[in-house]
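**Q** generate coordinates for the sequence data below:
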Amino acid sequence: INLWVNGEEYVAHSEKTIDVENPATGKVVDQLALADKHCLDHVVEIAREAQKEWGRTALAKVLVMGVTGAFGLVNTRLIISHFGTDAYAQYGLLATFPTLMPFTDLGIGAVILNAVAGSADPAHDSTVRRTVTTAIRVLLASALVICTVGVVIGLLGLWPALLGAKLMDGGGTTATLCLVIYGLALPLSIGQRIVIGLGRSATQVISQGIVSPAMSCLLLAVIAARLQAGNAVSVLSYLANTLVSVVCVVMAWYTTRPLLRQAVRDVPRLRSARGVRIRGTAGPQLVQSLVIPIAFQTDRLLLSHLGASDALAQYNLASTLFNLLTQTVMVAGVAMWPLFARARARGRVESPLGPALFFGAGGLVSGLGLAALTPWAASVISDGRIHLPVTLIAAYLVYVVIEAAKQPLGMYMTDPRGLRFQVVPVLVLVPVNFALSWWLTAPLGAAGPILGSAVSVLVCQLVPYTWWVRRDVARRRALDHPSPSHLEESL
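**A** Below you'll find the model as predicted:
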């Protein structure tokens, strides 16, 4: 039996072997090759290459977190100082559209990422090309629906009823514009999926770093022009986010030439350029994309309807501060997706349990540091007009730790089996989270929905995901390394 290194069979240079015996009978059923110096050098080189990739991603993450944090605080100060707390509250409310509707890609993002990560040559892989063609068709249809829905809601004047009475005058038109911009930019999101699937997570992370600086430039331009454009603040944020999609599409276009050019050419050729079946992966992903926003992104809506007058502003400010951590955790988690997908494609078993502990510990240490600085930062950013209660800061700290520990587990569970398993816990999560958030909003104010989300993620995701992953890793390792009795039977 030869050695396996990095998911591939490796023939050792040494001729030394050890016997593999059936423990029940003591009979020798095979011989296992022993590693030698050449094998150890090969393993070390592979580990060094992996460390370089993680190092680049980590460095990019730190740099982008610093840039995003600095410019995010500047943007918050600019909005509150020049446009008021009402504009800031509406900005936070309307900014939830992308997170409230990640289902708009109909789960196709997972299909693209798995296809690209699992291919040895994505640029010339016909299956990858057909997958991207299918993705563009799906996203174009979704964009059309989103834009139509946004315009209809605006014409019917339903935005105040949907988003709460705290919208500014003209906020309905602003909401419509935000939704239309989001819909038009949706097909461009394939660029980010391709870049991540190629294993260039650092590049994708760096591209995210241009959002906050771009937002600052747009805000300064509006302020310099002396425009009373409190409603326009939300629109500016959507334009800044669209820039990221444009940058990633350009990167993907040149990196995978001629993949995107051929895929775009095939989009209108419905008969001659057939798509691929995506239900196995996209279906479960779509269900989660439909359900998770309902569970987690209704916090602002609950506070808008049930909270005190200052609860929504408190929530938005705390979210601005702690999103520096939660977004970093999620970006780091997504960076692990192609690693697990590539390992599956090569038959290698990579357990996410160790990374989950590491992520959780990192979230705790970082969260404690941020929690200590939050009261001071909130006072500086809001000019002392918004005070964050200790319960809100503590609730966010708990949520960050639990969310961090969950990320590696979720990225491991991105094959069809794992995605199907995630559906049931997520469906249970919705009523549990909504009931807890509703119940806790009255006594805890802005902290209520966050604490409800933290408890829900722990009970409905982290615990069942850990159980499933442990069983799946054991199952796959048993398949890769059959017992001696099975070896004897095969002989």
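**Q** wait, doesn't residue 108 sit right on residue 140?
**A** No - shown here, residue 108 and residue 140 do not form a contact pair, counting by C-beta atoms under 8 Å, at 11.1 Å. No exception for glycine: its C-beta is placed from N, CA and C like everyone else's.
**Q** where along the stretch 301-450 of the chain do the helices fall?
**A** 311-345, 353-381, 390-412, 416-444, 447-457 (DSSP state H, counting those that start in this stretch).
**Q** let's have these in JSON lines, adding mean neighbour count and distance to residue 238.
**A** As requested, the helices of the stretch 301-450 of the chain are arranged in JSON lines below (neighbours: other C-beta atoms under 10 Å; distance: least, C-beta to C-beta, whole Å):
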{"stretch": "helix 311-345", "mean neighbour count": "21", "distance to residue 238": "17"}
{"stretch": "helix 353-381", "mean neighbour count": "16", "distance to residue 238": "22"}
{"stretch": "helix 390-412", "mean neighbour count": "23", "distance to residue 238": "25"}
{"stretch": "helix 416-444", "mean neighbour count": "18", "distance to residue 238": "26"}
{"stretch": "helix 447-457", "mean neighbour count": "25", "distance to residue 238": "24"}
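**Q** could I get these as a markdown table with mean pLDDT?
**A** Listed next are these as a markdown table, based on pLDDT from 0 to 100:
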| stretch | mean pLDDT |
| --- | --- |
| helix 311-345 | 82 |
| helix 353-381 | 91 |
| helix 390-412 | 93 |
| helix 416-444 | 90 |
| helix 447-457 | 92 |
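**Q** let me have the ones you listed in JSON lines, extended by distance to residue 68.
**A** Shown next, in JSON lines, are the helices of the stretch 301-450 of the chain (distance: least, C-beta to C-beta, whole Å):
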{"stretch": "helix 311-345", "distance to residue 68": "7"}
{"stretch": "helix 353-381", "distance to residue 68": "14"}
{"stretch": "helix 390-412", "distance to residue 68": "16"}
{"stretch": "helix 416-444", "distance to residue 68": "27"}
{"stretch": "helix 447-457", "distance to residue 68": "21"}
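**Q** the more surrounded of residue 108 and residue 140?
**A** residue 108 (26 against 12; other C-beta atoms under 10 Å).
**Q** who touches that one in this structure?
**A** Residue 108 sits next to 134-135, 138-139, 278, 282 when contact means C-beta atoms under 8 Å, 6 or more residues apart in numbering.
**Q** please redo it, this time with the cut-off set to 10 Å
**A** Listed by C-beta atoms under 10 Å, 6 or more residues apart in numbering, the contact partners of residue 108 are 131-132, 134-139, 142, 189-190, 193, 278, 281-282, 285-286.
**Q** now swap in residue 215 and tell me
**A** The contact partners of residue 215, taken as C-beta under 10 Å, 6+ apart, are 71-72, 74-75, 78-79, 233, 236-241, 243.
**Q** nearest to residue 151, out of the helices of the stretch 301-450 of the chain?
**A** Residue 151 lies closest, by C-beta to C-beta, to one member of the helices of the stretch 301-450 of the chain: helix 311-345, at 26.5 Å.
**Q** how far away is the closest residue to residue 433 other than its chain neighbours from residue 402?
**A** Once flanking residues are discounted, residue 433 sits nearest to residue 456: 3.8 Å by C-beta to C-beta, 6 or more residues apart in numbering. Taking C-beta to C-beta, to the nearest Å as the criterion, residue 456 is separated from residue 402 by 9 Å.
**Q** mutual contacts of these two, please.
**A** Joint contacts of residue 456 and residue 402 (C-beta under 10 Å, 6+ apart) are residue 462.
**Q** quickly note the distance from the nearest residue to residue 317 once chain neighbours are set aside to residue 320.
**A** What sits nearest to residue 317 in space, not counting adjacent residues and going by C-beta to C-beta, 6+ apart, is residue 386, at 5.1 Å. Noted for residue 386: a distance of 10 Å to residue 320, by C-beta to C-beta.
**Q** okay, and the common contacts of these two?
**A** 76, 88, 378.
**Q** surely the last one is in contact with residue 320?
**A** Yes - counting by C-beta atoms under 10 Å, residue 320 is a contact partner of residue 378 at 9.3 Å.
**Q** identify the contacts common to these two.
**A** In contact with both residue 378 and residue 320: residue 76, using C-beta under 10 Å, 6+ apart.
**Q** list the contacts for residue 312?
**A** If you count contacts by C-beta under 10 Å, 6+ apart, residue 312 has them with 85, 88-90, 92-93, 164, 166, 299-305, 446.
**Q** quick one: which of these is nearest residue 202?
**A** Looking across the contacts of residue 312 and measuring by C-beta to C-beta, the closest to residue 202 is residue 92, at 29.1 Å.
**Q** ok so, going back, are any of the contacts of residue 108 buried, and which?
**A** The neighbour count (16 or more other C-beta atoms under 10 Å) marks 131-132, 134-139, 142, 189-190, 193, 278, 281-282, 285-286 as buried among the contacts of residue 108.
**Q** which ones among those residues lie within helices?
**A** 131-132, 134-139, 142, 190, 193, 281-282, 285-286 (DSSP state H).
**Q** between those, which is closest to residue 170?
**A** For those, with residue 170 as the reference and C-beta to C-beta as the criterion, the closest is residue 142, at 27.3 Å.
**Q** so the closest one sits against residue 185, correct?
**A** No - between residue 142 and residue 185 no contact is recorded; they are 11.6 Å apart, counting by C-beta under 10 Å.
**Q** re the thing from before, number of nearby residues for the residue nearest to residue 317?
**A** 19.
**Q** swap in the one 3 residues further on?
**A** Burial of residue 389, expressed as a neighbour count using other C-beta under 10 Å, amounts to 16.
**Q** likewise residue 383?
**A** Residue 383 has 10 nearby residues by other C-beta under 10 Å.
**Q** contact partners for it?
**A** With C-beta under 10 Å, 6+ apart, residue 383 has these contacts: 77, 80-81.
**Q** before we move on, what about residue 269?
**A** Taking C-beta under 10 Å, 6+ apart as the test, what residue 269 contacts is residue 133.
**Q** roughly how far apart are it and residue 136?
**A** Taking C-beta to C-beta, one finds residue 269 at 12 Å from residue 136.
**Q** ditto for residue 248
**A** In terms of C-beta to C-beta, residue 248 sits 14 Å off from residue 136.
**Q** same question, residue 390
**A** Residue 390 is 48 Å from residue 136, by C-beta to C-beta.
**Q** which strand or helix spans residue 32?
**A** strand 28-33 (DSSP states H and E).
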